[in-house]
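Colleague: fold the following, please.
(chains A and B)
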Amino acid sequence: MRSHLIRIMAVARVEALRLLGDRPSLGLILLVPALQLLLFGYAVNLAPKNIPIAIAQSCAARGRWITRAVADTDSFRLVGTDEGAYAADEYLSSGRARVAIECRLGEAPRLLADASDPSAVRPAVALLEAALLRETLRGMPFEPPSLTVQSLYNPDARTAWSLAPGLVGVVVMITMLMLGALTLVRDREEGSWEGLLATPVTALDAMVGKLAPYVMVGVAQGAVVIALAKVLFDLPSPGNVPLLLLASGVFALAHLTLGFALSALARTQIQAIQAAVFFYLPSMLLSGFMFPFEGMPRWARMLGNTLPLTHFVRSARGVLLKGYGASEVAADTWPVMVFACLAACLAVASYRRRLN
Amino acid sequence: MSMPDGPSNAVKYPIDVRHLRKCFGRRVAVEDLSLAVAPGEIFGLAGANGGGKSTALRLLAGLLVPDHGTGQVLGRDLLRGARQVRHQVGYLAQRSTLYPTLSVRENLRFRAAIFGVPVPADAAERQIGAFGLGKFAAAAAEELSGGWRRQVDLAAAVIHCPRVLLLDEPTAGLDPAARQAIWRRLMTLSAHGTAMVLATHDLGEAQRCAYIFLLSHGRVRARGSPRAVARQVPASALIVNGREAMNFADRLDSSGVLAAQPSGEGLRLIVAADARRKVEALVAAHGCRSRKVNLTLEDAALVIAQDARGARDA
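Modeller: Take a look at the predicted model:
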């Protein structure tokens, strides 16, 4: 046991020295998450505003009523009003407007939306529908029943708040997967791998030793994103953040071991990177980071539940927005541990395979 | 020694393997390899590229598991105790195995640590002193010349004082001075009783070994001392002299001449044993003189490679 520990420490020391010696890469590893957070936090808006809208009307009175409803949503930019009641299609097909309202005399108004990019118009159209309904009810002789809506955890629906927790997971996942995937392939291309194989270092020694420094990097990346999100976007983080960072270590390890296994199986760095991309793209799409998890079909949710990112995004959102504690984080971390163990078994089994 | 008659022990033969076979898919890389190496002996595995030398070394180093055969290295079973074998042998791979961005000192310290050498930092300093690496100790391995890098590779391979050293092309691509420096180290290690197996395609290098196997396509084609191996080959070397000697090469057909190359002012021919009389007559008919000389190890390797290729094509 002691000899294993000595070898693991020796391998870890060398990996740490190589990492610290490669200052540009180390800088990028810590700078990229910061840049991504800035980009996502300031540029991305899940409730877009200034959507171009056109109103084609042949009835001025109704037109004013609709214009009031549009202004009420605060989501649109009026790009044109046309006296011709049939001009709505032209606005959409020419791309001058994303949404158009057609209002013909004697007919119910028709709302046309450019659904080629549904996520760009759907939230605003929903607001518009609600506004139109309110305008309609305004003239009624009775008081309509009211519903009090209380948005918890992110009351202002701030995009940065909803993205930052998932971004912690995405940044750590991609970096760890890539670092893991390049470890052995790089050693093989340099020649040092054969030297390591000819020593008493076992597959487990090599894996633990090589990946240990990178786990620290993964935790540091997570901490950078969380800290920046707190500073820049006032992310509340009412839960147990140190515990989340611990969970991010497990999460990093899961992707490092998977990357290590891919590295052991791949012949070249390109193969290893392609295999990593093949894994992380579906992870981003099926984890609930980009699209609602509950909206996916059952098979996709089952597949998503096998991915570490799905569980980490849940615990990150829970800790950073909802105040999750130890039991909730543990419940989302054990599937990640199982994944890490399975990936480690694959990595150990594949370690010497390439030479044979 | 190539093969002991009776059962050997680890003291008498640190390396003792029998009938090793290794295939990669359908390709046979090593077939029926048996050898025993005594302490202090430098045993050569010679032959052309792709002959199976590196695979044979990797089998002995415990890097590869043989498909068939038995063997022990320092008393450890090659099949069941590969990790223990790796713990006790030194292995110099064909390519440098140093971490290129790490310093010489760090590379040596790492190698000492994973072999469990007490106080790895001290062991690294000892090797730096012993191999005269002081002025490069802080330099990254990738900054060293080929010769010095090989010296560091060797220093790393023997940092745990192994009693068995396996060397894959230890001086390939080095200039004569660097070669000499490496060979001085090897002779010192041999004098201290280290058993060595050296794989090389450079037959001049193989001449320095006490005993060699000439490998081709995974099989041992000839064995013995370098001089004895040359004698085993069914071929002759002829030096052809005379005014027309250099033009004679153009008139050679496939009449048993395996190779022809300039030699001073004449031509050196390697001729199959059964075609020698015919070629000598042909030389005389063209007004040239021929005389028989000893085959070199390189000549022998050439003949064996051609025989093996002919047998495979057939």
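Colleague: SS state for A:Pro335?
Modeller: helix (DSSP: H, G, I helix; E, B strand; the rest coil).
Colleague: how about it, nearest residue that isn't a chain neighbour?
Modeller: A:His311 (5.1 Å; CB to CB, 6 or more residues apart in numbering or on different chains). (Each C-beta comes from the backbone N, C-alpha and C, glycine too.)
Colleague: give me the contacts around the host helix or strand of that neighbour.
Modeller: Taking DSSP states H and E as the definition, A:His311 sits inside helix A:308-317. Helix A:308-317 has contacts (CB atoms under 8 Å, 6 or more residues apart in numbering or on different chains) with A:162, A:165-166, A:168-170, A:172-173, A:244, A:247-248, A:251, A:254-255, A:283-284, A:286-289, A:293, A:304-305, A:324, A:328-329, A:332-333, A:335-336, A:339-340.
Colleague: how many neighbouring residues does the residue of the stretch 1-150 of chain B at minimum distance from chain A have?
Modeller: The minimum distance from the stretch 1-150 of chain B to chain A, using CB to the nearest CB, falls at B:Thr97 (2.5 Å). Using other CB atoms under 10 Å in any protein chain shown, B:Thr97 has 25 neighbouring residues.
Colleague: contacts only, for it.
Modeller: A:191-196, A:198, B:153, B:156.
Colleague: out of the residues you listed, the closest to B:Gln180 would be?
Modeller: Lowest distance from B:Gln180 to the contacts of B:Thr97 (CB to CB) belongs to B:Asp153, with 16.5 Å.
Colleague: so the closest one sits right up against B:Leu98, yeah?
Modeller: Yes - counting by CB atoms under 8 Å, B:Leu98 is a contact partner of B:Asp153 at 6.3 Å.
Colleague: hang on, the earlier thing: secondary structure class of the residue of the stretch 1-150 of chain B closest to chain A, three-state.
Modeller: Going by three-state DSSP: B:Thr97 is coil.
Colleague: any regions of the chain where pLDDT drops low?
Modeller: Reading this off chain A. Residues of chain A meeting the criterion pLDDT under 70: A:58-63, A:83-86, A:144, A:352-356.
Colleague: wrong one, chain B
Modeller: In chain B, residues with pLDDT under 70: B:1-11, B:249-255, B:308-314.
Colleague: near chain A, which residues of the stretch 201-314 of chain B are found?
Modeller: By CB under 8 Å from any CB of the partner chain, no part of the stretch 201-314 of chain B sits against chain A.
Colleague: coming back round to it: just the CA trace of the helix holding A:His311, in CSV.
Modeller: What follows is helix A:308-317, C-alpha atoms only, in CSV (Å, rounded to 0.1, in the frame of the first residue of the first chain):
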residue,chain,number,x,y,z
PRO,A,308,-22.9,13.4,-14.6
LEU,A,309,-23.7,16.9,-15.9
THR,A,310,-27.5,16.3,-15.4
HIS,A,311,-26.9,15.6,-11.7
PHE,A,312,-24.4,18.3,-11.2
VAL,A,313,-26.5,21.0,-12.8
ARG,A,314,-29.3,20.0,-10.4
SER,A,315,-27.1,20.3,-7.3
ALA,A,316,-25.5,23.5,-8.6
ARG,A,317,-28.8,25.2,-9.2
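Colleague: which stretches of chain A form helices?
Modeller: A:2-21, A:23-43, A:60-73, A:88-94, A:118-138, A:159-190, A:192-197, A:203-233, A:241-265, A:269-286, A:298-305, A:308-317, A:326-350 (DSSP state H).
Colleague: for the ones you listed, which one ends up most surrounded?
Modeller: helix A:308-317 (a mean of 27; mean count of other CB atoms under 10 Å in any protein chain shown).
Colleague: quick one, what contacts B:Arg86?
Modeller: Counting by CB under 8 Å, 6+ apart, B:Arg86 has contacts A:197-200, B:61-63.
Colleague: tell me which residue is most central in chain B.
Modeller: B:Ala199 (2.3 Å; CA atoms, centre = their mean).
Colleague: for whatever residue of the stretch 151-300 of chain A ends up closest to chain B, which non-adjacent residue is spatially closest?
Modeller: Nearest to chain B, among the residues of the stretch 151-300 of chain A, is A:Gly195, at 2.5 Å (CB to the nearest CB). Among residues not flanking A:Gly195 along the chain, B:Thr97 sits closest, at 2.5 Å (CB to CB, 6+ apart).
Colleague: repeat that for A:Arg301.
Modeller: A:Phe293 (6.5 Å).
Colleague: for that neighbour, give me its contacts.
Modeller: With the criterion set at CB under 8 Å, 6+ apart, A:Phe293 makes contact with A:286-287, A:301, A:304, A:310.
Colleague: what do you get for A:Val121?
Modeller: With contact taken as CB under 8 Å, 6+ apart, A:Val121 is in contact with A:51, A:98-99, A:113-115.
Colleague: which among the residues you listed end up buried?
Modeller: Buried members of these, scored by 16 or more other CB atoms under 10 Å in any protein chain shown, are A:51, A:98-99, A:113-114.
Colleague: which of those residues sits closest to B:Ala124?
Modeller: Distances from B:Ala124 to the buried ones among the contacts of A:Val121, taken by CB to CB, are shortest for A:Ile51, at 66.9 Å.
Colleague: test my guess that the closest one contacts A:Ser75.
Modeller: Yes - counting by CB under 8 Å, A:Ile51 does reach A:Ser75; the two are 5.9 Å apart.
Colleague: find residues that contact each of those two.
Modeller: The contact lists of A:Ile51 and A:Ser75 share A:Ala124, where a contact means CB under 8 Å, 6+ apart.
Colleague: report how many residues lie close to B:Leu33.
Modeller: 25.
Colleague: which residues sit against whichever strand or helix holds it?
Modeller: Using DSSP H and E, B:Leu33 sits within strand B:27-37. Contacts with strand B:27-37, where a contact means CB under 8 Å, 6+ apart, come from B:1-4, B:8, B:13-23, B:43, B:52, B:55-56, B:59, B:66, B:69, B:164, B:195-197, B:213, B:217-220.
Colleague: in strands, which of those fall?
Modeller: The members of those that map onto strands under DSSP state E are B:15-23, B:43, B:69, B:164, B:195-197, B:213, B:219-220.
Colleague: spatially central residue in chain A, please.
Modeller: A:Phe289 (3.8 Å).
Colleague: dump the residue contacts of the closest residue in space to it that isn't next to it in sequence.
Modeller: Among residues not flanking A:Phe289 along the chain, A:Gly166 sits closest, at 3.9 Å (CB to CB, 6+ apart). Neighbouring residues of A:Gly166 by CB under 8 Å, 6+ apart: A:287-290, A:313, A:316-317.
Colleague: what parts of the stretch 51-200 of chain A come near chain B?
Modeller: Listed as neighbours of chain B in the stretch 51-200 of chain A under the rule CB under 8 Å from any CB: A:190-200.
Colleague: burial count for B:Leu64?
Modeller: 24.
Colleague: B:Gly75 versus that one, what's the distance?
Modeller: According to CB to CB, to the nearest Å, B:Leu64 and B:Gly75 sit 20 Å apart.
Colleague: could you do B:Ser54 as well?
Modeller: 24 Å.
Colleague: pick out whichever of these two has more residues nearby.
Modeller: Shown here are B:Ser54 and B:Gly75; by other CB under 10 Å, B:Ser54 has more neighbours (21 against 15).
Colleague: now A:Glu194: closest residue in space, sequence neighbours ignored.
Modeller: B:Ala93 (4.6 Å).
Colleague: would you check that the one you found makes contact with A:Gly191?
Modeller: Yes - taking contacts as CB under 8 Å, B:Ala93 lies within contact range of A:Gly191: 6.9 Å.
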